[in-house]
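**Student:** From the sequence below, what's the structure:
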Amino acid sequence: MEIELSADITEKIPNFKLGIIIYKDIIVGDSPQMVKGRLQLFQESIYFELEDKNVTDLPGVQEWRHIFKLTGKDPNRYRHSAEALFRRIKKQNYLPPIQSAIDINNFFSLQYQVPIGIYDSDQTTGLLRVRLGQEGEEYLGLNGRMNSLEDLLVLSDQKGPFGSPFVDSARAPVTKETKNALQVIFLRPSTELKSAEKLTESLMNMFTQIHGGEGSSRILTKY
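**Tutor:** The predicted structure follows:
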């Protein structure tokens, strides 16, 4: 799978980087009890941690809000997906188990304080590009609304955008029928390369431990 990082991003954020994981022959289903239990306990510990601080005090949340500002999106109107998760937990509106791929995604998004997307790669076509959304671009998101993509970081294929760190489209979500997937970690630019590689491999190993199949990972960056 070929993925290209557009210069319109690296010009604004020179040290921008993504963790890219490609999975083949996975089996997605209900989460094991271990995953459900860890996700619930983790959310409870986050809730207590946030009792006397703001979500925007979290370094990962802060850094991704800054990225939205750099690309021209107001982070108060367009909250990245990791911030949205933390805000739910602060209200004690805990995330229920959904299915194994999404639950793992949410767990690591909370642990790393960054947005993470996962997509059915059989629903994408041709070269994938990570770029900024253009004027007039929009898609129906998993939030059930049409979302403006202008100046927003997006993942795009030959058919157009299908994902972003704000909200993903309804075109390529991972379901229990998914066999092949692409997972994208929207890393903090401040993360050192070695740490980024270790973090990405850690997620991949836990994912394949639960879903079977094969995984391969790399860091997508300008350098």
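**Student:** drop to CA atoms for contacts and neighbour counts, all remaining ones
**Tutor:** Fine.
**Student:** any idea how far the spatially most central residue of the chain lies from Leu153?
**Tutor:** In the chain, the centroid-proximal residue (Cα atoms, centre = their mean) is Ile116; its distance is 1.5 Å. Using Cα to Cα, to the nearest Å, we find Ile116 at a distance of 13 Å from Leu153.
**Student:** Could I get the contacting residues of the nearest residue to Ser148 once chain neighbours are set aside?
**Tutor:** Closest residue to Ser148 in three dimensions, ignoring its sequence neighbours and counting by Cα to Cα, 6 or more residues apart in numbering: Glu138, at 4.6 Å. For Glu138, the contact set (Cα atoms under 8 Å, 6 or more residues apart in numbering) comprises 146-150.
**Student:** a markdown table for those residues, including pLDDT and neighbour count?
**Tutor:** Listed next are the contacts of Glu138 as a markdown table, based on pLDDT from 0 to 100; neighbours: other Cα atoms under 10 Å:
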| residue | pLDDT | neighbour count |
| --- | --- | --- |
| Met146 | 96 | 12 |
| Asn147 | 94 | 18 |
| Ser148 | 95 | 17 |
| Leu149 | 96 | 22 |
| Glu150 | 96 | 17 |
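**Student:** Contacts for stretch 16-29, please.
**Tutor:** 9-10, 99-101, 175-189, 196-197, 200, 204, 208, 211-222.
**Student:** same question but for stretch 140-147, I mixed them up
**Tutor:** With contact meaning Cα under 8 Å, 6+ apart, stretch 140-147 is reached by 138-139, 167-170.
**Student:** Just the residues you listed: which are in strands?
**Tutor:** 138-139 (DSSP state E).
**Student:** Need the buried ones from the contacts of stretch 140-147 selected in ChimeraX.
**Tutor:** Restricted to buried positions by 16 or more other Cα atoms under 10 Å, the ChimeraX selection for these reads:
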select :138,139,167,168,169,170
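**Student:** Could you single out the nearest of the contacts of stretch 140-147 to Asn76?
**Tutor:** Val167 (14.6 Å; Cα to Cα).
**Student:** what's that closest one sitting at in phi/psi?
**Tutor:** The phi/psi pair for Val167 (degrees, to the nearest 10) reads phi -150, psi 140.
**Student:** where along this structure do the helices fall?
**Tutor:** Counting by DSSP state H, the chain has these helices, from start to end: 7-10, 33-49, 59-71, 81-90, 100-112, 193-211.
**Student:** In the contacts of Glu138, find the pair that's most separated.
**Tutor:** Maximum pairwise distance among the contacts of Glu138 (Cα to Cα): 12.4 Å, between Met146 and Glu150.
**Student:** what's the offset of stretch 59-69 from the middle of its chain?
**Tutor:** Mean C-alpha position of stretch 59-69 versus that of the full chain (Cα atoms, centre = their mean, to the nearest Å) differs by 14 Å.
**Student:** and if you look at stretch 59-76?
**Tutor:** The gap between where stretch 59-76 is centred and where its chain is centred comes out at 15 Å by Cα atoms, centre = their mean.
**Student:** Pull the contacting residues for Ser109.
**Tutor:** Contact analysis of Ser109 by Cα under 8 Å, 6+ apart lists 82, 115-116.
**Student:** how close does Ile98 get to Asn180?
**Tutor:** Ile98 sits at a distance of 19 Å from Asn180 (criterion: Cα to Cα).
**Student:** So for these two, which residue has more residues nearby?
**Tutor:** Here Ile98 and Asn180 are compared on neighbour count by other Cα atoms under 10 Å; more neighbours surround Asn180, at 21 against 13.
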